[in-house]
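Enquirer: how does the following fold in three dimensions:
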Amino acid sequence: MKDKKILIVEDQIEMRTINTLFLERHGYRVMAVGNGAEGIRSAREHQPDLILMDLSIPVVNGFDATEQIKRNPETEHIPVVVLTAFSYGSAGRRAREAGCDAFITKPCNPQRLLMEIQQRIGPAEEQLH
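Expert: Take a look at the predicted model:
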């Protein structure tokens, strides 16, 4: 079975690093980029199994990046999980309209994040301990 790839689109280096290490420890292959334009390009080029998308990112914001990913036939099948400091309210509605598959507010419980990922793409093959 192939490695499960997750693309993290997050401008805060600390959050990218924490989530990358956490997901790699649970056996996922992780790619991380710092803005929405890179996220759109990486989604097309690398075809990840899932995208973790922040909403407040530079160049192309997370709402627009999600919408572009979901409108492209090459990437529309990729689940997008929004991980953001925005409260659900209007941001959640706008994210759903853009096509996101789940909405998690930061800070989040790492086990909840893992559960959301596993519900969409299943567990990774091997976990590092």
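Enquirer: what about the chain, any weak spots by pLDDT?
Expert: 1-2, 88, 126-129 (pLDDT under 70).
Enquirer: quick one: the strands in it, in order.
Expert: Using DSSP state E, the strands of the chain run over residues 5-9, 29-33, 50-53, 80-84, 102-105.
Enquirer: please identify the deepest-packed of those.
Expert: Mean neighbours per residue, mean count of other C-beta atoms under 10 Å, is largest over the strands of the chain for strand 50-53, with a mean of 26. All C-beta spots, glycine's among them, are computed from the backbone N, C-alpha and C.
Enquirer: kindly format the C-alpha coordinates of that one as PDB.
Expert: The C-alpha trace of strand 50-53 is given here as PDB (Å, rounded to 0.1, in the frame of the first residue of the first chain):
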ATOM      1  CA  LEU A  50      -5.400  15.200   2.300                       C
ATOM      2  CA  ILE A  51      -4.700  18.900   2.800                       C
ATOM      3  CA  LEU A  52      -4.600  20.700   6.100                       C
ATOM      4  CA  MET A  53      -5.400  24.300   5.300                       C
END
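Enquirer: good, wrapping up.
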